[in-house]
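# What follows is a predicted structure for the sequence shown.
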Amino acid sequence: MFSPMDMDKPLLDRVLQALGDVLEARGLTYELVVVGGSSLLLLGLLERPTRDLDALAIIEDGAYVRAEPFPLPLAQAVASVGRAFRLSEDWLNPGPTDLLRFGLPEGFRERTTLLRFGALTLHIAGRFDQVCFKLYAAVDQGPGSKHAADLRALQPSRDELLAAGRWSRTHDPSDGYRQALVELFAAFEVEAADELL
C-alpha cells in the first residue's frame, strides 16, 4: 500500500498531459469544467500542492452537464493515469457537480480559461467564480479550513466577497448559513450583516 502523492503544478501538468495522451490513444476526447485548488494551481493563483482536481461539469454539444458519474471510458482513463502516477483514486473527481443544480455565478462561462492537454480540454473557472466557490466551502468548513486559506490567497475585495456571499445564499438561504457566512466575513474583517439579509 502506498501513500497517494500531492500534486504541485509541474506534476499536475504532466498528469493532465498523460490523461490527454491516453484519451487520444483510445480515440476519445473530453471537455471538462474544473474548479478548486488544483485549478487555481493551473491558473497560477495558488502555490500549495493539492490532492485532486474537481470537475464541475462535462461539456457536451456546448452544454454543461453533470459530471457524476464520469462516463466509463473517462473513468477508466483517469484510473489508469492515477495508478501510473501513484495518485489517489479520486485525483480527478466530480465532487462539486451538484453546484450546477442551483446555478453558477452569472457570467461564469465567459470568465473561464481554456487549457488543452491533447484530447483533454479544461475550462478553468475564473478567479471571481473561484472566490464564490471557495467562500461557499469555507462557510461550510470554517475559517481555519484550507478553503478559507485559499480564499485569502485569492485576495478578494470586500465587493467580491459580498457578491460571492450573495451568490452562495442562492444555494443555501437558511438563517444558519447566513449566520455562518457573517461569522466568516468577520474573520476576513468585513462587516456584512445588512448586505446578506
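Done, it's in.
# host element of residue 54?
Per DSSP states H and E: residue 54 is located in strand 53-60.
# how close does the most centrally placed residue in the chain get to residue 28?
Among the residues of the chain, the one closest to the centroid is residue 35, at 1.9 Å (CA atoms, centre = their mean). For residue 35, the distance to residue 28 equals 23 Å [CB to CB, to the nearest Å]. (Each C-beta comes from the backbone N, C-alpha and C, glycine too.)
# and the chain, what are its domains?
If you go by automatic domain parsing, the domain ranges for the chain are 9-125, 128-196.
# Now the terminal residues of stretch 92-111, how far apart.
22 Å (CA to CA, to the nearest Å).
# ah, wrong one, I meant stretch 100-120
End-to-end distance (CA to CA), stretch 100-120: 21 Å.
# which residues sit against it?
Contact partners of stretch 100-120, identified using CB atoms under 8 Å, 6 or more residues apart in numbering, comprise 13, 16-17, 19-21, 23-24, 28-33, 42-43, 56-57, 64, 66, 121-129, 132, 164, 167, 170-171.
# Show me what counts as buried in it.
100, 104-105, 108, 112, 115, 117-120 (16 or more other CB atoms under 10 Å).
# if we can go back for a sec, only alpha carbons, please: show the strand holding residue 54 as CSV.
Output of strand 53-60 as CSV, limited to C-alpha atoms (Å, rounded to 0.1, in the frame of the first residue of the first chain):
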residue,chain,number,x,y,z
LEU,A,53,-8.8,18.2,-9.4
ASP,A,54,-12.5,18.9,-9.1
ALA,A,55,-14.7,18.5,-12.2
LEU,A,56,-17.8,20.7,-12.1
ALA,A,57,-19.2,19.7,-15.4
ILE,A,58,-18.6,17.8,-18.7
ILE,A,59,-19.3,19.9,-21.8
GLU,A,60,-21.5,18.0,-24.3
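# Strand partners (parallel or antiparallel) of that strand?
Under the criterion DSSP bridges, strand 53-60 sits next to strand 30-35 (antiparallel), strand 63-66 (antiparallel), strand 92-93 (parallel) in its sheet.
# can you list contacts of it?
12, 16, 30-36, 38-39, 64-67, 70-71, 74, 91-97, 99-100, 104, 121, 123, 125.
# Surely residue 73 and residue 27 touch.
No. With contact defined as CB atoms under 8 Å, residue 73 does not reach residue 27; the gap is 9.3 Å.
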